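Q: pasting the sequence and the predicted coordinates here, then a few questions.
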Amino acid sequence: MIEERYELALDRIRLMQTEDTVKEPYRDYFKKMAEFVLMLDELRDELLDGRYQKFTLEELRTWNRRLYQDVLPEQYEESYANPDYACKMFGKESGQILGMLYAELRGAVVYVFEGKTEYLAILYELLIEIYNQFEDTPDAKTARDIFYWYASDYCDVFLADRIREQILPEESFATDLIMNSDLKDLRYLYQFGEYISENEWKTAEHLNRLPEETIQKMADVYSEGYRIGFVNTGKDLSKKSVVNIRYILGFERVVKKAIENFEKMGLKPVIYRAAVSVLTKRQHYKIGYCGAVANKQYEYDHKDDQAIFMDKKYLERKLEVMQTTYEHYKKEAAGFAGPACIDMFGEEPFEPVAKETVAKLSESQEEMILQYDSRQSQMVNRYIKGEERSFTIIAYPVPEIGEKYEEIFDEIIRINTLNAKVYEKVQQTLIDALDQGEYVHILGTNGNRTDLNVQLHPLNDPAKETIFENCVADVNIPVGEVFTSPVLEGTNGVLHVSKVYLNELQYRDLEITFSNGMVSEYNCANFDRDLENKAYIHDNVLYKHPTLPLGEFAIGTNTTAYITARKYGIEDKMPILIAEKMGPHFAVGDTCYSWCEDIKVYNPNGKEIIARDNSVSIRRKEDVSKAYFHCHTDITIPYEELGSITVVTKDKKEIVLLENGKFVLPGTEILNEPLKNSNK
């Protein structure tokens with residue numbers, strides 16, 4: 001029946017290439033859409049009869065470029081996927097809708113590889129319905145309604161399947177490819193359907209040159225960090241059956257070893273693809289496995305496409321589908337242990353162009369989304385309890401980082417496997433000083449305008465309690481930080497950093513002001529107009545919330561990582577995972593303990609970390625919807641911009657921890673050794 005629907009849709013789309021029933025300027029658009037669909041049908045035939053799998057590496061690269069060439073930067077200026085071009089050709093209303101349709105149809109590429117004929121039929125029928133409407137009198141409102149009913153009617157397919165992919169190992173298309181492919185033959189990379197750039201195949205090529213023991217070591221650090229995360233927080237891993245592996249293509253040799261490690265722990269892998277549909281993705285973020293991003297501006301342009309059709313009724317429909325699906329698979333959901341992530345870094349930092357033509361959420365839609373996110377998080381937490389799950393994350397560079405890629409890669413392996421015991425002792429010295437404080441004063445230098453007081457939780461029993469967690473590289477690799485959830489009341493001042501890379505976006509002269517721990521003002525220097533700068537932060541740091549609390553204050557101690565970054569000139573390319581260990585950092589959003597505040601956590605010395613809540617997260621006791629923001633963004637001040645970090649006690653005694661970018665507290669001098677040995 002599905003095959004019949006597919007063939008009928010395909011027959012109709014073939015006619016779109018030859019008939020002229022749609023008037024200009026729309027005719028060319030629909031002919032190009034038809035051409036794209038027929039190219040995918042050609043690909044589908046080659047996959048089904050096995051020809052594609054036998055292609056040479058060069059033939060596969062040619063196919064891969066064909067599939068993504070229309071959104072590559074060199075083609076994008078005159079692509080209908082570009083809102084500027086689509087709106088120029090069709091006007092703003094029709095341009096946004098047809099641009100959204102274009103982006104939605106591009107998801108068909110991966111559906112072909114996964115053999116999802118039903119998805120293809122649904123998408124092609126959507127194209128035909130909007131085409132038929134444009135054959136008559138083109139009307140943006142009618143086209144929007146068509147898309148609305150497509151989203152509403154089929155979220156019980158797309159969204160329900162998305163949840164299944166996240167909790168059921170048997171749904172994992174990628175796991176089969178990883179475990180059953182010859183990873184020495186790089187043709188396997190082109191079987192995923194993702195865009196493959198030099199980063200992916202050169203990464204795989206480099207890993208293939210590494211000895212087996214090195215690959216095993218990388219996998220062991222990753223999977224062992226995950227296991228220790230459960231041990232250190234007193235969570236029972238034996239109750240769990242599934243681990244979610246998230247990574248960037250090219251790391252399959254490590255992932256395969258990690259899968260074997262996880263299976264010894266009783267965990268099967270779910271490896272789901274980063275979402276490609278407006279029905280299931282979260283803006284431009286890649287949550288799941290993925291290949292290269294063919295064009296980051298294209299992804300950014302379409303991050304809020306749902307604004308075109310989204311209303312409260314649609315969001316209620318999505319929540320209803322989620323509830324039904326989770327309830328049906330509640331046993332499987334309870335076995336979900338959490339994500340294990342391999343991140344990558346080294347790409348050229350991306351600063352998007354702000355476009356007037358892109359779809360934007362209205363104020364009422366932003367409020368709806370915030371309420372939806374809150375209810376969605378609460379629902380997920382009922383079926384996958386926060387206090388029972390954990391995670392781990394580790395990062396490696398990609399070849400784009402520069403000519404010394406292989407040398408940098410080896411350095412990162414070393415950084416990821418530093419001796420945690422050495423750091424544990426030094427970090428405890430810092431914590432002993434911090435535990436004496438009423439607040440911490442952070443001051444910038446060398447043009448950094450930071451001047452911030454962070455209020456600390458009081459200790460009732462210093463012999464048994466502590467304020468800061470001694471982070472020794474379990475869930476959060478590499479080693480190198482002490483962190484706390486600050487008291488919001490009394491936390492005041494300015495946080496400034498000259499340049500920082502957050503969630504794949506670059507910020508210049510980012511400045512955030514806190515009043516009683518809440519963001520009160522913010523700005524940056526990415527765009528000419530303050531309005532655009534504020535909107536950039538509002539969308540991508542505050543995640544559309546009117547304000548956020550300071551959820552975390554931490555001091556990074558990994559001077560080895562800092563010097564490595566300086567040595568190779570890659571400071572602006574370091575991922576936040578490593579960058580947060582290279583100076584003090586501050587997280588806006590939820591605390592590190594969100595959904596798990598009531599679980600007692602202890603440092604290696606046996607003291608309980610009591611600073612797990614703040615005056616916002618504690619609201620969960622009365623109204624959980626007011627306690628969480630579902631985001632946590634770390635912002636690091638590099639050592640060279642750090643004037644001082646000083647602990648101020650109740651009797652106003654000052655204990656200086658760092659001064660002019662150096663550790664000065666007795667017992668922490670060893671952290672300065674990498675700084676002394678630096679040539680810079």
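A: Received the coordinates, thanks. Numbers count the residues shown, from 1 in each chain.
Q: so where's the longest strand in this protein?
A: Once the chain is assigned using DSSP state E, the strand that runs over the most residues is strand 487-502.
Q: off-centre distance for it?
A: Relative to its chain's centre, strand 487-502 lies at 22 Å (C-alpha atoms, centre = their mean, to the nearest Å).
Q: what residues sit buried inside it?
A: 487-488, 491-502 (16 or more other C-beta atoms under 10 Å). Quick note: C-beta positions are derived from backbone N, CA and C, even for glycine.
Q: please apply the same query to stretch 47-65.
A: Buried, per 16+ other C-beta under 10 Å, within stretch 47-65: 47, 52, 60, 61, 63, 64.
Q: and that stretch, what's its mean pLDDT?
A: Stretch 47-65 shows a mean pLDDT of 97.
Q: contacts for that stretch?
A: By C-beta atoms under 8 Å, 6 or more residues apart in numbering, the residues outside stretch 47-65 that reach it are 43, 46, 112, 113, 115, 186, 187, 190, 191, 195, 196.
Q: residue ranges for the helices of the stretch 1-150 of the chain, please.
A: 2-16, 27-48, 57-68, 73-76, 83-90, 92-106, 108-114, 117-135, 140-167 (DSSP state H, counting those that start in this stretch).
Q: let's have those in CSV, adding distance to residue 330.
A: Shown next, in CSV, are the helices of the stretch 1-150 of the chain (distance: least, C-beta to C-beta, whole Å):
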stretch, distance to residue 330
helix 2-16, 28
helix 27-48, 35
helix 57-68, 38
helix 73-76, 44
helix 83-90, 41
helix 92-106, 31
helix 108-114, 26
helix 117-135, 25
helix 140-167, 10
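Q: ok, back up a step: put the buried members of the contacts of stretch 47-65 into a PyMOL selection.
A: Buried members of the contacts of stretch 47-65, defined by 16+ other C-beta under 10 Å, are picked up in PyMOL with:
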select buried, resi 43+46+112+113+186+187+190+191+195+196
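Q: quick check: the farthest pair among the contacts of stretch 47-65?
A: 115 and 186 (22.6 Å; C-beta to C-beta).
Q: now do the helices in the stretch 401-550 of the chain.
A: 405-416, 420-434, 530-540.
Q: need those helices in JSON lines (columns: mean pLDDT and distance to residue 96).
A: Formatted as JSON lines, those follow (pLDDT from 0 to 100; distance: least, C-beta to C-beta, whole Å):
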{"stretch": "helix 405-416", "mean pLDDT": "94", "distance to residue 96": "40"}
{"stretch": "helix 420-434", "mean pLDDT": "93", "distance to residue 96": "51"}
{"stretch": "helix 530-540", "mean pLDDT": "95", "distance to residue 96": "17"}
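Q: what's the closest of the ones you listed to residue 159?
A: The nearest among the helices of the stretch 401-550 of the chain, by C-beta to C-beta, is helix 530-540 at 23.3 Å.
Q: partner strands of whatever helix or strand comes next after that closest one, parallel or antiparallel?
A: As assigned by DSSP states H and E, the chain's next helix or strand after helix 530-540 is strand 550-556. When pairs are called by DSSP bridges, strand 550-556 turns out to pair with strand 481-484 (antiparallel), strand 584-589 (antiparallel).
Q: would you mind writing the CA trace of strand 550-556 as PDB?
A: Taking Å, rounded to 0.1, in the frame of the first residue of the first chain, the C-alpha atoms of strand 550-556 are listed here in PDB:
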ATOM      1  CA  LEU A 550      23.500  32.000  36.800                       C
ATOM      2  CA  GLY A 551      23.300  28.200  37.100                       C
ATOM      3  CA  GLU A 552      27.000  27.500  37.600                       C
ATOM      4  CA  PHE A 553      30.300  29.100  38.600                       C
ATOM      5  CA  ALA A 554      33.400  27.100  38.000                       C
ATOM      6  CA  ILE A 555      37.200  27.500  38.000                       C
ATOM      7  CA  GLY A 556      39.000  25.600  35.300                       C
END
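Q: can you give me the buried ones in it?
A: Neighbour-count burial for strand 550-556, counted by 16+ other C-beta under 10 Å, picks out 550, 551, 552, 553, 554, 555, 556.
Q: partners of the fourth one in the sheet?
A: For residue 553, the beta-bridge assignment (DSSP bridges) gives partners residue 484, residue 586.
Q: who are the neighbours in contact with it?
A: 440, 454, 483, 484, 486, 584, 585, 586.
Q: what separates it from residue 437, distance-wise?
A: For residue 553, the distance to residue 437 equals 11 Å [C-beta to C-beta, to the nearest Å].
Q: TSV for the strands paired with strand 550-556, including distance to residue 211?
A: Shown next, in TSV, are those (distance: least, C-beta to C-beta, whole Å):
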stretch	distance to residue 211
strand 481-484	31
strand 584-589	35
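Q: verify the stated contact: residue 154 with residue 279.
A: Yes - counting by C-beta atoms under 8 Å, residue 154 touches residue 279, with 7.1 Å between them.
Q: list residues touching both of those two?
A: Common neighbours of residue 154 and residue 279 are not found (criterion: C-beta under 8 Å, 6+ apart).
Q: most packed of the helices of the stretch 1-150 of the chain?
A: Highest mean neighbour count of those: helix 92-106, a mean of 22 (counted as mean count of other C-beta atoms under 10 Å).
Q: now that helix against helix 27-48, angle please.
A: Note on geometry: by axes from the mean of the first three to the mean of the last three C-alpha atoms, to 10 degrees, helix 92-106 and helix 27-48 are set 10 degrees apart in direction.
Q: neighbouring contacts of helix 92-106?
A: Counting by C-beta under 8 Å, 6+ apart, 26, 29, 33, 36-37, 71, 80-83, 86-90, 123, 126-127, 130, 138, 140, 143-144, 147, 276-278, 298, 301-302, 305, 308, 357-359 sit against helix 92-106.
Q: what about it, distance to the chain center?
A: With C-alpha atoms, centre = their mean, you get 25 Å for helix 92-106.
Q: check stretch 462-473 too.
A: For stretch 462-473 - counting by C-alpha atoms, centre = their mean - the centre lies 28 Å from the chain centre.
Q: same deal with stretch 239-258?
A: Computed by C-alpha atoms, centre = their mean, the chain-centroid distance of stretch 239-258 equals 16 Å.
Q: what comes up buried for it?
A: Neighbour-count burial for stretch 239-258 [16+ other C-beta under 10 Å]: 240-258.
Q: quick one: mean pLDDT for stretch 28-42?
A: Rounded mean pLDDT across stretch 28-42 is 97.
Q: got a markdown table for the contacts of residue 553, with neighbour count too?
A: Formatted as a markdown table, those follow (neighbours: other C-beta atoms under 10 Å):
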| residue | neighbour count |
| --- | --- |
| 440 | 24 |
| 454 | 26 |
| 483 | 24 |
| 484 | 26 |
| 486 | 28 |
| 584 | 25 |
| 585 | 24 |
| 586 | 25 |
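Q: mind putting those residues into CSV with distance to residue 669 and pLDDT?
A: Below are the contacts of residue 553 laid out as CSV (distance: C-beta to C-beta, whole Å; pLDDT from 0 to 100):
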residue, distance to residue 669, pLDDT
440, 20, 98
454, 24, 98
483, 22, 96
484, 23, 97
486, 27, 98
584, 18, 94
585, 22, 94
586, 25, 97
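Q: quick one on the thing from earlier: and the buried residues of strand 487-502, which is closest to residue 177?
A: Nearest to residue 177 among the buried residues of strand 487-502, with distances taken as C-beta to C-beta, is residue 501, at 30.6 Å.
Q: check whether residue 262 really touches residue 244, as I assumed.
A: No - counting by C-beta under 8 Å, residue 262 stays clear of residue 244, with 10.4 Å between them.
Q: what do the two both touch?
A: The contact sets of residue 262 and residue 244 overlap at 269, 340 (C-beta under 8 Å, 6+ apart).
Q: picking that back up, packing partners of the longest strand of the chain?
A: strand 437-444, strand 451-455, strand 505-515, helix 576-579, strand 632-636 (3 or more C-beta pairs under 8 Å, 6 or more residues apart in numbering; DSSP states H and E).
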